[in-house]
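In: could you work out the structure for the sequence below:
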Amino acid sequence: MHSNLPSLKLIRSKEINRILWDQSIEKTCNALPYACSWYLDAVCGDQWDALISSDYSWLIPLPYKRKMGIQYLPTPLFVQQLGVFGPDKPTPKLMESLFAYLEKTCSLVEFNINFANPIEPQDGWGFRERSNLILAIPSERSNLVKGFSENTRRNIRKAEDAQLRFGSASIRSIIKLFQDYKEAEVKHWKVEYYNVLERLYHMAAYRGFSRCFGVYNTVGEMICGAMIVEWNHRAVFVFSGNSPEGKELGAMPYLIHKYLLEAPPEITCFDFEGSDNPGLKRFYQSFGAIESNYVHLTMNRLPFYLRWLKT
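Out: Model prediction:
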């Protein structure tokens with residue numbers, strides 16, 4: 001890469017110093033849990049490499065995949081944003097250098113870069129802004145409800161009137177809710193995705209970075225649940241399940257509200273992880289969340305016969 005840019009070297013997954021990597025990711029200006037080595041190991045196995053500066057201050061995880069001799073760069077399951085991580089916001093020149101590198105090494109790119117990565121038009125590349133919403137949690141948690149919409153406050157009151165209970169849950173019980181009431185609506189969903197999710201949960205929970213919560217009705221049935229990753233002052237709403245009863249009784253607004261009230265004091269940001277879906281976006285905004293968007297990159301240099309299949 002250019003002499004006035006960080007000197008980056010491709011390091012294979014097995015050769016990456018994971019302790020140094022994770023310490024460095026936490027110090028970056030745009031730190032996100034998706035870039036931690038344990039997160040990448042959970043969702044990619046050892047199928048990720050990285051461009052790394054000699055002092056580990058600049059880090060670019062690359063979850064490559066290979067098929068039929070062709071290398072491509074997808075966004076892994078349960079990962080929202082990757083891209084360039086460093087002590088400062090990367091310059092447009094550094095981003096251009098990354099694009100040039102990917103053009104040399106990949107035939108197909110379908111990859112999300114993070115909110116702090118600047119984008120300028122590039123020949124042969126497609127860029128699409130995607131929605132993410134985050135909520136700054138006030139130090140005085142009782143002030144939270146002041147930022148909620150009237151509809152969200154009404155749904156929380158409905159849940160309280162129904163005597164719903166907030167408590168811990170298992171990842172399996174949340175997956176079961178999703179399977180029963182949502183899976184059929186999600187195109188291209190595969191059973192093995194649950195294995196990846198469970199592995200992610202357990203690898204994060206082992207390090208104290210993930211918890212599961214549920215909302216229970218008066219007979220003790222879980223009617224709503226969520227997996228949340230807590231890392232570096234940020235809580236990420238990774239996965240959830242909800243039942244018709246939960247929807248009717250306002251269980252999800254209640255769960256989020258209760259979590260925000262009881263979250264560890266070091267958690268100052270709640271990351272809703274989306275959404276491009278207008279209905280979900282309005283729901284997240286109803287808690288007072290604001291946009292912190294990111295970009296989806298595409299580049300297709302597959303041979304013409306494979307490009308046609310991909311299309």
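In: tell me which stretches of the stretch 101-250 of the chain form helices.
Out: Counting by DSSP state H, counting those that start in this stretch, one finds helices in the stretch 101-250 of the chain at the ranges 150-161, 171-181, 192-206, 244-249.
In: as CSV, those helices with mean pLDDT would be great.
Out: As requested, these are exported to CSV (pLDDT from 0 to 100):
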stretch, mean pLDDT
helix 150-161, 98
helix 171-181, 97
helix 192-206, 98
helix 244-249, 98
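In: kindly reformat those as TSV containing mean neighbour count and distance to residue 221.
Out: (C-beta placed from N, C-alpha, C; glycine too.) TSV is the format used below for the helices of the stretch 101-250 of the chain (neighbours: other Cβ atoms under 10 Å; distance: least, Cβ to Cβ, whole Å):
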stretch	mean neighbour count	distance to residue 221
helix 150-161	16	14
helix 171-181	17	10
helix 192-206	17	21
helix 244-249	17	8
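In: distance to residue 93 added to these, as a markdown table?
Out: A markdown table is the format used below for these (distance: least, Cβ to Cβ, whole Å):
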| stretch | distance to residue 93 |
| --- | --- |
| helix 150-161 | 43 |
| helix 171-181 | 43 |
| helix 192-206 | 34 |
| helix 244-249 | 48 |
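In: residue 21: which of those helices is closest?
Out: helix 192-206 (14.8 Å; Cβ to Cβ).
In: nearest to residue 226, of the helices of the stretch 101-250 of the chain?
Out: So among the helices of the stretch 101-250 of the chain, helix 171-181 is nearest, using Cβ to Cβ, at 6.8 Å.
In: what is the closest one packed up against?
Out: Where contact means 3 or more Cβ pairs under 8 Å, 6 or more residues apart in numbering; DSSP states H and E, helix 171-181 is packed against helix 192-206, strand 210-216, strand 222-231, strand 234-242.
In: for the most centrally placed residue in the chain, helix, strand, or coil?
Out: Residue closest to the average C-alpha location in the chain (Cα atoms, centre = their mean): residue 80, at 3.6 Å. When classified by DSSP: H, G, I helix; E, B strand; the rest coil, residue 80 comes out as coil.
In: contacting residues around residue 268?
Out: 136, 137, 233, 234 (Cβ atoms under 8 Å, 6 or more residues apart in numbering).
In: 7 Å - rerun?
Out: 136, 137, 233 (Cβ atoms under 7 Å, 6 or more residues apart in numbering).
In: and it, what's its pLDDT?
Out: What the model reports as pLDDT for residue 268 is 97.
In: now residue 275
Out: For residue 275, the pLDDT comes out at 90.
In: neighbours of it, how many?
Out: Neighbourhood size, residue 275 [other Cβ atoms under 10 Å]: 16.
In: likewise residue 236?
Out: Residue 236 - counted by other Cβ under 10 Å - has 24 other residues nearby.
In: quick check: chain neighbours aside, which residue is closest to residue 153?
Out: Leaving aside its sequence neighbours, residue 153 sits nearest to residue 145 (Cβ to Cβ, 6 or more residues apart in numbering; 6.2 Å).
In: quick one: mean pLDDT for stretch 122-133?
Out: For stretch 122-133, the mean pLDDT works out to 95.
In: buried ones in that stretch, by neighbour count?
Out: Under the neighbour-count criterion of 16 or more other Cβ atoms under 10 Å, stretch 122-133 has 125, 131, 132, 133 buried.
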